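A.B. asks: Predicted coordinates and the sequence they were generated for:
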Amino acid sequence: MFAYIARRIVYVIPIVICVALVCFLLVHITPGDPLVAVLPADASQELAAQLRSAYGFDRPLPVQFGLWLWRALHGDLGSSIATGRPVLTEVMRAVGNTVMLAVAAAMIGFTFGLLFGLIAGYFRDTWVDKVATSVAIAGVSLPHYWLGMVLVIIFSVQLNWLPAVGAGPGGSGAWAWDWEHLRYLVLPAITTSVIPMGIITRTVRALTGDILSQDFVEALRAKGLRETAVFRHVVKNAAPTALAVMGLQLGYMLGGSILIETVFSWPGSGLLLNSAIFQRDLPLLQGTILVLALFFVLLNLLVDIAQAAIDPRIKRS
């Protein structure tokens, strides 16, 4: 197991370097001057040249990438062009809010996805299967930003049960784990959980139906095992693939959703990316994309290790 983990960590290193390179290049190939956001309309050429030199934009791209990567390795992602605050501080505050939203959405989506998938797989081609499959297809097909607006209209505007926007009465900086703050999390979490729930339902349904049709399940039942024991064998065989799908979905949720966080004004990484794009804030844009990409790579590494721990056949292969 230790050799497998070490090998996976070695594989991650070139991936991280490539991710950093892509993050750096993507924001430089877009048109426009990033300093437009801070330069006044009547700025002189000398002032523009000084700012360009201060942010390092006057150097060749390879030199900029080397310096940026070196500083990033030491925890320095630069300063935001728009606000002047450290990028790492801005990004970690937003990522913390996104992690909170993603974990809440994962608890909802994974729980109902696994439940609906197992029920649909066990009662395949029955009305129960049709209902669970219809819910899953609806969850995958509905635009989540549209669903978010519908939920706001129903539960915030008409019924006045839940707040429509924000991350608490005092903002995200004054978050507390009480109902006054948690109620701000309900609608964004439900909206974010719908697509993962649909994907996991369909995946687990297919896995369960395939496993139940295999010969070893018939052999277990022929030996007189109780259905609960057979169920444990089915779950154990479906776990590695289901875990991989859940890891990917959690990674997508940790990446944040620009549309959902914009609809609910949730101060997460998606909303931060949205503002960085419109303000052409290159340091903030680079730092946000890099941190989110590293989260995704790390999560995939953890999922690979968890899969190997559950299924020893993965280590042998």
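C.D. replies: Here it is on my side, so go on.

A.B. asks: What are the contacting residues of stretch 195-213?
C.D. replies: 105-106, 108-110, 112-114, 116-118, 120-122, 124, 129, 132-133, 135-141, 144, 217, 234, 237-238, 241-242, 245-246, 249-250, 252-253 (CB atoms under 8 Å, 6 or more residues apart in numbering). (Each C-beta comes from the backbone N, C-alpha and C, glycine too.)

A.B. asks: Just the buried ones from those residues?
C.D. replies: Among those, those buried by neighbour count (16 or more other CB atoms under 10 Å) are 105-106, 108-110, 112-114, 116-118, 120-122, 124, 129, 132-133, 135-136, 139, 144, 217, 234, 237-238, 241-242, 245-246, 249-250, 252-253.

A.B. asks: In helices, which of those residues appear?
C.D. replies: Those of the buried ones among the contacts of stretch 195-213 mapping onto helices are 105-106, 108-110, 112-114, 116-118, 120-122, 129, 132-133, 135-136, 139, 144, 217, 234, 237-238, 241-242, 245-246, 249-250, 252-253, per DSSP state H.

A.B. asks: Verify the contact between residue 299 and residue 252 for me.
C.D. replies: No - with contact defined as CB atoms under 8 Å, residue 299 does not reach residue 252; the gap is 10.0 Å.

A.B. asks: any idea how far residue 211 lies from residue 225?
C.D. replies: 15 Å (CB to CB, to the nearest Å).

A.B. asks: which one of those two has more residues nearby?
C.D. replies: residue 211 (18 against 15; other CB atoms under 10 Å).

A.B. asks: tell me which element that one is part of?
C.D. replies: According to DSSP states H and E, residue 211 maps onto helix 179-212.

A.B. asks: try residue 224
C.D. replies: Using DSSP H and E, residue 224 sits in no helix or strand.

A.B. asks: and the nearest residue to residue 68 once chain neighbours are set aside, how far is that from residue 72?
C.D. replies: Using CB to CB, 6 or more residues apart in numbering and skipping residues adjacent in sequence, the residue nearest residue 68 is residue 24, 6.2 Å away. Per CB to CB, residue 24 is found 9 Å from residue 72.

A.B. asks: again with residue 153
C.D. replies: 43 Å.

A.B. asks: Just want to know which of the two has more residues nearby.
C.D. replies: Ranked by neighbour count (other CB under 10 Å), residue 153 and residue 72 place residue 72 first, with 21 against 12.

A.B. asks: Let's verify that one: helix, strand, or coil?
C.D. replies: helix (DSSP: H, G, I helix; E, B strand; the rest coil).

A.B. asks: Surely it and residue 290 touch.
C.D. replies: Yes - at 6.7 Å, residue 72 counts as touching residue 290 under the criterion of CB under 8 Å.

A.B. asks: Between the two, which contacts overlap?
C.D. replies: Any residue near both residue 72 and residue 290 by CB under 8 Å, 6+ apart counts here, and that gives residue 20.

A.B. asks: Next, residue 58: secondary structure please.
C.D. replies: Assignment for residue 58 (three-state DSSP): coil.

A.B. asks: My guess is it contacts residue 50. True?
C.D. replies: No - counting by CB under 8 Å, residue 58 does not reach residue 50; the two are 9.8 Å apart.

A.B. asks: Surely residue 169 is in a strand?
C.D. replies: No - under three-state DSSP, residue 169 falls outside any strand and is assigned coil.

A.B. asks: how about residue 109, what does it touch?
C.D. replies: Per CB under 8 Å, 6+ apart, neighbours of residue 109: 192-197, 200, 249.

A.B. asks: Not counting its neighbours along the chain, what's nearest it?
C.D. replies: residue 193 (3.4 Å).

A.B. asks: and the one you found, what is it in contact with?
C.D. replies: Applying CB under 8 Å, 6+ apart to residue 193 gives the contacts 105-106, 108-109, 112.

A.B. asks: Kindly indicate which of those lies nearest residue 10.
C.D. replies: residue 106 (28.8 Å; CB to CB).

A.B. asks: Can you name the residues that contact that closest one?
C.D. replies: Contacts of residue 106 (CB under 8 Å, 6+ apart): 193, 196, 246, 249-250, 253.
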